[in-house]
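Enquirer: Below: sequence and its predicted model.
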Amino acid sequence: MHTLRRFFARLEPAALFFAIVFFAFSMTPSLLPRAWYLQGVATGISVATGYGLGCLLVWIGHACGIRPNWSDASKRYGWWALAGTAIVVFPLFLILGSWWQQIVRKLVEVDYEGGGRILYVAVLLVALVVAVLLLFIARGLRWCARSLAALCTRFVPVPIAKGIGVAVVAVLTLFLLNGAVNNVLIAAIASSSELADKGSHPGVEQPSAPENSGSEESYEDWDSLGMEGRRFVSSGPTAEEIESFTGTTALTPIRAYVGAADVDSIDEAADRVVAELERTGAFDRAVLAVATTTGRGWVNESVAGPLEYMYGGDTAIASMQYSFLPSPIAFLADRDSPREAGRALFERVYDAVQELPEESRPKLVTFGESLGAYGGQDAFGGARDMAARTDGALWVGNPNFTKQWSEITADRDAGSREILPVVDDGRYVRFAGRPDDLEIGTPWAEPRVVYWQHASDPITWWSPNLVLHQPDWLREERGVDVDPGVRWFPFVTFWQTTFDMVFSTDVPQGYGHNYGEDSVELWAEILQPEGWTDSDTERLRDIVAR
């Protein structure tokens with residue numbers, strides 16, 4: 001108790017004011033609705049950040065000789081004013097925060113029955129616990145730096161000793177965190193994920209059709225495909241299902257897939273995918289698609305399936321697993337493997353297609369979602385290269401650090417928004433949050449490349465730059481699925497968007513990082529299948545939605 005009393009007695013009043021301000025900022029809406037406990041953590045981090053910035057400003061003021069000599073009465077009045085501000089701001093913004101969250105839920109069509117507005121009282125408790133914990137950690141590090149500096153003053157001048165103390169503690173802290181994360185936590189997750197990858201989703205059975213990897217005729221063993229690979233090769237539409245849709249004879253779609261469990265390198269996996277394509281006669285199909293997966297091998301069925309229906313099963317999809325890590329972990333810890341996999345697989349398939357006579361080559365298209373979009377684009381030098389070497393591409397929910405996406409977005413035509421860029425009048429490349437966004441009133445040449453991104457998708461808009469830089473998408477008119485009241489605040493918006501990512505897929509199709517039946521219209525616009533009608537689009541949307 002005595003320690004806690006000393007702790008709070010040493011708090012800096014001016015810094016506490018910044019903490020209160022940052023509390024208010026943190027309660028404002030962001031891209032997606034947040035659970036109360038995540039709001040509490042985000043708010044706690046924001047409060048600690050505000051307090052830290054306040055302390056920094058006080059320290060700068062002291063360094064410049066600004067040290068007001070307040071009387072005891074002035075100090076007392078100041079504390080009372082600070083307490084009054086907190087008493088007003090905390091409940092007011094808890095109420096406003098819960099109200100703003102309700103607005104965001106309605107925008108993204110999320111039904112919530114968890115007593116959200118009442119539970120927002122707990123946000124303050126969680127926030128205070130997190131903020132105090134972070135403050136204890138910061139003070140502990142400061143104590144270590146000062147102790148080390150005091151030791152160094154025996155050998156070097158005081159300013160140098162202080163610099164050494166801060167530098168050594170900072171380096172050791174980073175080293176400890178990096179080592180703990182990379183050598184312990186990530187290794188443990190990788191190990192458990194590799195073990196989990198041997199399991200299967202409920203209802204997944206080995207395919208009997210020779211057109212699928214993992215079948216009895218396949219070069220690839222069923223058990224080697226991984227959990228997501230087994231689901232992918234067994235979940236596509238059958239020839240009978242496609243015939244029921246088209247009313248004409250259909251083929252069994254080809255799905256070639258190689259898992260990571262039985263290969264020594266990404267290059268070997270890519271070569272084995274091509275071997276599967278050759279075994280199944282994929283190069284004789286009308287359309288050949290290269291799909292780069294997410295972290296541990298997932299391909300969005302809502303994007304793959306429509307392609308197969310549109311061409312009566314006369315298709316082949318090539319894909320492979322490059323990691324055992326779940327996508328959120330791969331997002332943070334392994335950004336090289338998706339790029340290597342996307343590049344290796346497309347290059348192998350492209351080279352094989354180029355060896356065919358030009359008149360008998362299949363349409364070559366490519367797609368990927370999230371890390372798959374990030375990795376798949378690494379096979380290309382930019383939009384012109386995509387248009388030169390493919391017959392169409394669909395990139396879904398691109399992470400903000402995707403090089404090609406970033407460069408294309410940055411080069412958008414003047415006056416177009418970051419969430420829906422117009423590039424070269426939409427000649428080859430177009431962006432869409434909804435299918436209607438593709439109609440911009442200018443001619444669209446072929447081949448066509450589409451970037452599919454929701455304005456409310458935090459995966460697309462999260463960036464470390466949010467800490468200190470206001471992005472264009474928060475300067476311009478907001479998307480239809482984003483609260484117009486969303487604002488940028490230094491530090492705070494970064495943490496809000498970070499926590500938005502946690503449940504970015506737990507929203508209905510068409511919002512956040514959940515991409516579904518809109519793919520039907522997008523593929524129809526990209527490839528324009530012969531004889532395809534609006535009625536076909538609506539019927540196929542119903543199938544994909546189910």
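Expert: That came through fine. No experiment lies behind these values; they were computed from the predicted model shown.
Enquirer: Only C-alpha atoms from now on, for both contacts and neighbour counts.
Expert: Fine.
Enquirer: Please list all residues in contact with the nearest residue to A196 once chain neighbours are set aside.
Expert: In space, not counting the residues next to it along the chain, A196 is nearest to M227; the distance is 7.9 Å by CA to CA, 6 or more residues apart in numbering. Residues counted as contacts of M227 (CA atoms under 8 Å, 6 or more residues apart in numbering) are A196, D197, K198, G199, S200, H201.
Enquirer: Low-confidence stretches in the stretch 201-350 of the chain?
Expert: Segments of the stretch 201-350 of the chain classed as low confidence (criterion: pLDDT under 70) are not present in this model.
Enquirer: need the helices for it, in chain order.
Expert: Listed from the start of the chain, the stretch 201-350 of the chain has helices (DSSP state H, counting those that start in this stretch) covering 226-234, 239-246, 266-280, 301-310, 327-333, 336-354.
Enquirer: wait, which of the ones you listed is closest to H454?
Expert: helix 301-310 (15.4 Å; CA to CA).
Enquirer: What is the closest one packed up against?
Expert: Counting contacts by 3 or more CA pairs under 8 Å, 6 or more residues apart in numbering; DSSP states H and E, helix 301-310 is packed against helix 239-246, strand 315-320, helix 519-527, helix 534-545.
Enquirer: Give me the contact list for it.
Expert: 232, 235-237, 242, 245-246, 253, 314-315, 317, 515-517, 519-520, 523, 529, 532, 540, 544.
Enquirer: quick one, helices of the stretch 401-546 of the chain?
Expert: The residue ranges that make up the helices of the stretch 401-546 of the chain, judged by DSSP H, counting those that start in this stretch, are 403-410, 458-461, 492-500, 519-527, 534-545.
Enquirer: Looking at the first one now, give me its mean pLDDT.
Expert: Here the mean pLDDT over helix 403-410 is 95, rounded to a whole number.
Enquirer: and F494, what is it in contact with?
Expert: Contacts were defined as CA under 8 Å, 6+ apart; by that measure F494 touches W462, S463, P464, N465, L466, V467.
Enquirer: residues in contact with the first one?
Expert: Just to be clear, that refers to W462. Going by CA under 8 Å, 6+ apart, the list of residues near W462 reads P399, N400, F494, T497, T498.
Enquirer: same question, the fourth one
Expert: Contacts here follow CA under 8 Å, 6+ apart; on that basis N465 touches F494.
Enquirer: so where's the chain uncertain?
Expert: Applying pLDDT under 70 to the chain flags residues 1-9, 112-118, 177-187, 190.
Enquirer: center of it, which residue is that?
Expert: With the centre of the chain defined as its mean C-alpha position, the nearest residue by CA atoms, centre = their mean is I459, 2.7 Å away.
Enquirer: who touches it in this structure?
Expert: By CA under 8 Å, 6+ apart, the neighbours of I459 are S370, G397, N398, P399, N400, M501, S504, H513.
Enquirer: again, but for D542
Expert: Under the criterion of CA under 8 Å, 6+ apart, the neighbours of D542 are E517.
Enquirer: Would you quantify the distance from it to S519?
Expert: Taking CA to CA, to the nearest Å as the measure, D542 and S519 are separated by 12 Å.
Enquirer: rewinding a little: restricted to buried residues, select the contacts of helix 301-310 in PyMOL.
Expert: Burial among the contacts of helix 301-310 is assessed by 16 or more other CA atoms under 10 Å; the matching PyMOL selection reads:
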select buried, resi 232+235+236+237+242+245+246+253+314+315+317+515+516+517+519+520+523+540+544
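Enquirer: Can you tell me which of the contacts of F494 is nearest W59?
Expert: For the contacts of F494, the minimum distance to W59 (CA to CA) is 21.5 Å, reached by V467.
Enquirer: if we can go back for a sec, now the helices of the stretch 201-350 of the chain as CSV including distance to P508?
Expert: Converted to CSV, the helices of the stretch 201-350 of the chain look like this (distance: least, CA to CA, whole Å):
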stretch, distance to P508
helix 226-234, 22
helix 239-246, 25
helix 266-280, 34
helix 301-310, 13
helix 327-333, 20
helix 336-354, 27
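Enquirer: Please identify the most buried of these.
Expert: Per-residue neighbour counts averaged over each of the helices of the stretch 201-350 of the chain give the maximum for helix 226-234, namely a mean of 25 (mean count of other CA atoms under 10 Å).
Enquirer: could you give the angle of that helix to helix 301-310?
Expert: Relative orientation of helix 226-234 and helix 301-310, computed by axes from the mean of the first three to the mean of the last three CA atoms, to 10 degrees: 20 degrees.
Enquirer: picking up where we left off before, quick one: which two of the contacts of W462 are the most distant?
Expert: The most widely separated members of those are P399 and F494, with 14.9 Å between them, by CA to CA.
Enquirer: count of residues packed around D264?
Expert: Residue neighbour count, defined by other CA atoms under 10 Å, stands at 9 for D264.
Enquirer: contacting residues around the strand or helix carrying G368?
Expert: For G368, the enclosing helix or strand under DSSP states H and E is strand 363-369. The list of residues contacting strand 363-369 from outside it, by CA under 8 Å, 6+ apart, reads 286-294, 299-300, 350, 373-376, 390-398.
Enquirer: and if you look at stretch 425-440?
Expert: Outside stretch 425-440, the residues that touch it by CA under 8 Å, 6+ apart are 383, 387, 413, 420-423, 442-455, 510, 518, 521-522.
Enquirer: Recalculate using a threshold of 7 Å.
Expert: Judged by CA atoms under 7 Å, 6 or more residues apart in numbering, the contacts made with stretch 425-440 from elsewhere in the structure are 420-423, 442-455, 518, 521-522.
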